[in-house]
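**Q** curious how this folds, go ahead:
(one chain, ligands or ions: 1)
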Amino acid sequence: MATILIVDDDFILNGLIEKHLKRAGHQTEPALTVAQGLALARSGNFDLILLDVQLPDGNSLDFFSAFSEVASAPEIIIMTGSGDPDGAKKAIQFGAWGYLEKPHAVRDLLLPVTRALQFRAEKKKIGVLPVALKREAIIGSSASLTGCLDFVAKAAIGDASVLLTGETGTGKEVFARAIHDNSPRASHPFVVVDCAALPENLIESTLFGHVKGSFTGAERTTSGLVKMAHGGTLFLDEVGEMPLRIQKTFLRVLQEHRFRPVGDSKEEYSNFRLIAATNRDLDSAVDNGAFRADLLFRLRSLALHLPPLRERKQDIRELTLHFLKRLCVLHKVSSKGIDDELIEYLLAHDWPGNVRELQQTIEQVFVNALHYPTLYAFHLPEHFRVRKTLASMTMAPAAAPHATDIDSRPLAGPPPSWKDHKTASECRYLKHLLAFTRGDVREACRVSGLSRSRLYQLINQYNLTSPERSSP
Ligand SMILES: Nc1ncnc2c1ncn2[C@@H]1O[C@H](COP(=O)(O)OP(=O)(O)OP(=O)(O)O)[C@@H](O)[C@H]1O
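**A** Model (predicted):
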C-alpha cells in the first residue's frame, strides 16, 4: 500500500481517481491548487504525486522541483490535456516518472502507478532514494534550470569527466561547484584552473609543480594545481584556451592520473575528477585544428549546456530578490522592496552577460538606491532607462538608437561578410571598452558583463595591449 497525493483542480476527476486508487488499496490525499499540493507534500510522507499541469494558481511544472525535493522524494506522474507533446516532453525532462493524458487518466491509471511504485520499492531496496541536492548558490526554478539541476544530481554520483558549455555568465563555475559539493569528493579540494589566464612560460609548473632549482626563480619545490586536486575535483575553466602542446600532455594526465613535475625524474599521482567549462564551440575548434579531438572526447563523457538568461526569464525575479537580499545583509541595511516597473525593465532586457550582468546591474541599482526603502526603475543604470524611454516614444523601433550601439550611422557600400563584420565590431568594441575604462580590468568586466578570463581571451585574440593581469 502506498500514500498518494492527487493535485488536480477538477473536483470530480480528483474524486474518481481517489476512488480508483483506494479500491486498489492505496491511501490518498486530494489537493486542488499548487499551494495546497505543496503544503500537503511538505507535511506528508507521499510515495507518489499525481500532478495536473494547469492549476488555478499556476503551472505546476514551474514548481516541479519544489514537489520532487520534499523530504519523502516522491515519484511524480504528470497529468495533462490530450495532444500536448510539449507537456509530455517537459515532464520527462524534469524527471517525472511518467505522463498521463487526462481524458484517460482514470482508465489508464493503475498500470503507471503500479510501475512507479515498483520502481520506488526497488530504489529503496538498493538505497538510492535521492537525497536533497545542495544547491544554495544556484537560484531559479525555471524548467530549463531544473533540468540542469537534475543533471547535477546524476553527474555528482560518479567520476566521469564533465564538460559544461554556455555563454559567459550563465553559471558554469557555479554548476561545477555544485557537482563537486554533491559528490563523494565534497570534503576534498575544488581546484580552479583558469586556462585563459595561465602564464605561457609557467603553464607546466602551475599545473604539475616543480622542484627547487629546475628553472630561474624556482627557489623551492612546489606542488602544482593537479596535485592539489588529489581526492577532489579539478575544474578547467575556459578549457578551449588551453594551448595545443599542453592539451597533449593533459590528455595523458587525464587517462593515467600521473604527471611529472618540472625538473623531476619521478612521476606523481593525483586522484582527481575533472570538470571542464567553455563558452567556445569546441567541435568547430577541433575542425579548425585548435583543439584535440581525443581530448574533447575524453572531456565530454557527460555534457551539460547551460541556457542563457534570456531563455529563462522566469528566473529573473527570483535572482533579483536573491542578489538584493545578499547585498542588504552584506551592507547591514534593512531589507528593501522592489517596484514592479523595475522588474519589467529587467524582463525586457536580453542579458548578453547573463546572470553575471544581472548581478552587477542589481549591485548598481542597490548603490543608487542606498537610502531608499524601495528600488525603482529610476535607480537603474542610465542605458536601461534611455532605451526604455526611446522605445516608448512614437519613434519607429528601427530608428531608435540602442544605448550600446557603437556606431548607429547607416551602413553604405557593399556589406562585408558577416564574419568580417563581427570581427571588426568586436575589435572596435574592445578598444572602446579598454579606452573608456583606462585598461582597468575589473571596471572593464563590470561595464561589459564579460568575465575576466573571457576579456583576456578577446584581448589576446585581437592582439590588443594586455592590461595588468595582477589587478584582482
Ligand atoms: N543560477 C544562479 N544563481 C545564482 N547566481 C548565479 C547563478 N548563475 C550564475 N550566478 C552568478 O553569476 C556569476 C557568473 O557565474 P559563473 O562565473 O559561474 O559563470 P560562467 O558561466 O562560469 O562565466 P564565464 O564563462 O564568464 O567564466 C557568479 O557571480 C555567479 O555566482
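**Q** now the helices for the stretch 1-150 of the chain?
**A** With DSSP state H, counting those that start in this stretch, the ranges of helices along the stretch 1-150 of the chain come out as 11-23, 34-43, 64-68, 85-94, 110-126, 143-157.
**Q** I meant to write the stretch 301-450 of the chain there.
**A** Using DSSP H, counting those that start in this stretch, helices in the stretch 301-450 of the chain cover 315-330, 340-348, 354-368, 382-392, 418-436, 441-448.
**Q** could you tell me the least trusted of the helices of the stretch 1-150 of the chain?
**A** Among the helices of the stretch 1-150 of the chain, helix 85-94 carries the lowest mean pLDDT, a mean of 66.
**Q** how close does whichever residue of the stretch 201-350 of the chain sits closest to the ligand sit to Lys419?
**A** Residue nearest to the ligand within the stretch 201-350 of the chain: Asn279 (4.8 Å; Cβ to the nearest ligand atom). C-beta coordinates here come from the backbone N, C-alpha and C atoms, glycine included. Counting by Cβ to Cβ, to the nearest Å, the separation of Asn279 from Lys419 is 18 Å.
**Q** so the two - more neighbours on which side?
**A** Applying other Cβ atoms under 10 Å to Asn279 and Lys419 shows that Asn279 carries more neighbours, namely 20 against 8.
**Q** lowest confidence element among the helices and strands of the protein?
**A** helix 85-94 (a mean of 66; mean pLDDT, DSSP states H and E).
**Q** follow-up on the earlier one: mind listing what the residue of the stretch 201-350 of the chain closest to the ligand touches?
**A** Applying Cβ atoms under 8 Å, 6 or more residues apart in numbering to Asn279 gives the contacts 165-168, 172, 238, 240, 454.
**Q** cool, Lys313 as well?
**A** 142, 347.
**Q** need the per-residue pLDDT for it.
**A** With respect to pLDDT, Lys313 has a value of 93.
**Q** from Ser223, how far off is it?
**A** Taken as Cβ to Cβ, the span from Lys313 to Ser223 is 45 Å.
**Q** how about Phe250, secondary structure?
**A** helix (DSSP: H, G, I helix; E, B strand; the rest coil).
**Q** so what's it up against?
**A** 207, 242, 295.
**Q** I'd guessed the last one sits against Arg252; true?
**A** What that stands for is Leu295. No: counting by Cβ atoms under 8 Å, Leu295 does not reach Arg252; the two are 10.1 Å apart.
**Q** which ones among the contacts of Asn279 lie within helices?
**A** Among those, the members found in helices (DSSP state H) are 172, 454.
**Q** dump the contacts of Asn279 to JSON lines, plus distance to the ligand and pLDDT.
**A** JSON lines is the format used below for the contacts of Asn279 (distance: Cβ to the nearest ligand atom, whole Å; pLDDT from 0 to 100):
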{"residue": "Thr165", "distance to the ligand": "9", "pLDDT": "96"}
{"residue": "Gly166", "distance to the ligand": "6", "pLDDT": "95"}
{"residue": "Glu167", "distance to the ligand": "7", "pLDDT": "95"}
{"residue": "Thr168", "distance to the ligand": "3", "pLDDT": "94"}
{"residue": "Lys172", "distance to the ligand": "4", "pLDDT": "97"}
{"residue": "Glu238", "distance to the ligand": "7", "pLDDT": "95"}
{"residue": "Gly240", "distance to the ligand": "10", "pLDDT": "95"}
{"residue": "Arg454", "distance to the ligand": "5", "pLDDT": "82"}
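**Q** what's the closest of the contacts of Asn279 to Pro56?
**A** Proximity to Pro56 was ranked across the contacts of Asn279 by Cβ to Cβ; first place goes to Gly166, at 35.2 Å.
**Q** burial of that closest one, as a residue count?
**A** Applying other Cβ under 10 Å, we find 19 residues neighbouring Gly166.
**Q** what distance do you get for it to Gln457?
**A** Going from Gly166 to Gln457 by Cβ to Cβ gives 15 Å.
**Q** next, count neighbours for Thr222.
**A** 16.
**Q** and if you look at Leu13?
**A** Residues near Leu13, counting by other Cβ under 10 Å, number 17.
**Q** show the pLDDT at the spatially closest residue to it that is not a sequence neighbour.
**A** In space, and not counting its chain neighbours, Leu13 is closest to Ala105: 6.7 Å by Cβ to Cβ, 6 or more residues apart in numbering. Note for Ala105: predicted pLDDT of 70.
**Q** wait, doesn't Ala105 sit right on Glu18?
**A** No: applying Cβ under 8 Å as the test, Ala105 and Glu18 come out as separate, 11.9 Å apart.
**Q** looking at the two now, which is surrounded by more residues?
**A** Taking other Cβ under 10 Å, Ala105 and Glu18 do not tie; Ala105 has more neighbours (22 against 18).
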